[in-house]
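Q: just need the structure, nothing else, for what follows:
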Amino acid sequence: MRNQFSKLALGIALLFLIVLLVTAISEILSRQWTRLGLTTLTIVCVFIPFAIVCLASHLNIRLPFSFPSVTLVFIMLAQYFGEFKNFYYVYCWWDLLLHSLFGSYVVIVSLSILQGTFRKRQEVTNLRFIVIELITAFSVTIALGTIWEIFEFLGDYFFKTSMVKGGLDDTLTDLMVKTTAALLTSIYLYIRSSSNIKLKDEIV
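A: Down below sits the predicted model:
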């Protein structure tokens, strides 16, 4: 299984890196070392989606074609607009919006991976198999959401950023929003999949 980079993803990455490098140079000249730490962390994050795609291809894991582009846009919205442009402070709903998008899209990514990995046994009904896939995708989303909160904490600890703004309340709110978004997305995908299965059965 070979996952490919779209031209859109490469273009977004290049544009984002140029903006971040200009920002880093400006911070060095003005000796804003704390901000430089956040910029450095964000530059590293730009390469993470491509590293994940390469690793997935090596392990024969299927990812959605949109994965690099969507992940880069998410990083840009969270780090550049959220942190550098202070959207987290200007718009009180910005953080909740991003965590909602995270919860929904990770379910879709996880489901894509599972559908490319799992093989249904003949005695298992299609509907039951979809339920198993969605429960697994939901669980993976919650796990990744927790890892993201750990990432924010470590970023604040080592790079002196301010990603965890409300302490425990902020972390728990983020986790609840991710969980709710993941649950609603899973329910929607279940309803859509079950309707498709019933439609196919009627045609047959």
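
Q: check contacts around the residue nearest in space to the middle of the chain.
A: Against the mean C-alpha coordinate of the chain, by Cα atoms, centre = their mean, the closest residue is residue 102 at 4.8 Å. Contacts for residue 102 (Cβ atoms under 8 Å, 6 or more residues apart in numbering) come out as 74, 145, 148, 178, 181. Where you see a C-beta, it was placed from the backbone N, CA and C, and this is true even at glycine.

Q: could the residues you listed go into TSV alongside neighbour count?
A: Converted to TSV, the contacts of residue 102 look like this (neighbours: other Cβ atoms under 10 Å):
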residue	neighbour count
74	16
145	21
148	18
178	26
181	23
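
Q: list just the nearest of those residues to residue 159.
A: Nearest to residue 159 out of the contacts of residue 102 is residue 148 (Cβ to Cβ; 15.5 Å).

Q: so where is this structure shaky, pLDDT-wise?
A: Counting by pLDDT under 70, the chain has low-confidence residues at 1-3, 120-124, 199-204.

Q: can you pull out the helices in it?
A: Taking DSSP state H to define them, one finds helices in the chain at 7-29, 33-58, 67-75, 87-90, 94-115, 126-159, 167-203.

Q: what's the closest of those helices to residue 81?
A: Closest approach to residue 81 among these (Cβ to Cβ): helix 87-90, 4.7 Å.

Q: show me what the closest one is packed against.
A: Judged by 3 or more Cβ pairs under 8 Å, 6 or more residues apart in numbering; DSSP states H and E, the packing partners of helix 87-90 are helix 94-115.

Q: now the helix it packs on: buried residues?
A: 94-96, 98-114 (16 or more other Cβ atoms under 10 Å).

Q: tell me how far it lies from the chain's centre.
A: 6 Å (Cα atoms, centre = their mean, to the nearest Å).

Q: what is the orientation angle of it with helix 167-203?
A: Here helix 94-115 points in a direction 40 degrees away from that of helix 167-203 (axes from the mean of the first three to the mean of the last three Cα atoms, to 10 degrees).

Q: make residue 1 into 34 and carry on from there
A: Yep, numbering from 34; the last one is helix 127-148 now.

Q: dump helix 127-148 to CSV, keeping only the CA atoms.
A: In CSV, the C-alpha atoms belonging to helix 127-148 read as follows (Å, rounded to 0.1, in the frame of the first residue of the first chain):
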residue,chain,number,x,y,z
TRP,A,127,-11.5,28.7,18.5
ASP,A,128,-10.0,26.0,20.7
LEU,A,129,-13.2,24.1,21.0
LEU,A,130,-13.7,24.2,17.2
LEU,A,131,-10.2,22.7,16.6
HIS,A,132,-10.8,19.9,19.1
SER,A,133,-14.1,19.2,17.5
LEU,A,134,-12.5,18.9,14.1
PHE,A,135,-9.8,16.7,15.6
GLY,A,136,-12.3,14.3,17.1
SER,A,137,-14.3,14.0,13.8
TYR,A,138,-11.4,13.7,11.4
VAL,A,139,-9.5,11.2,13.4
VAL,A,140,-12.5,8.8,13.4
ILE,A,141,-12.5,9.1,9.6
VAL,A,142,-8.7,8.4,9.4
SER,A,143,-8.9,5.5,11.9
LEU,A,144,-11.8,4.0,10.0
SER,A,145,-9.9,4.2,6.7
ILE,A,146,-6.9,2.5,8.3
LEU,A,147,-9.1,-0.3,9.8
GLN,A,148,-11.0,-0.9,6.6
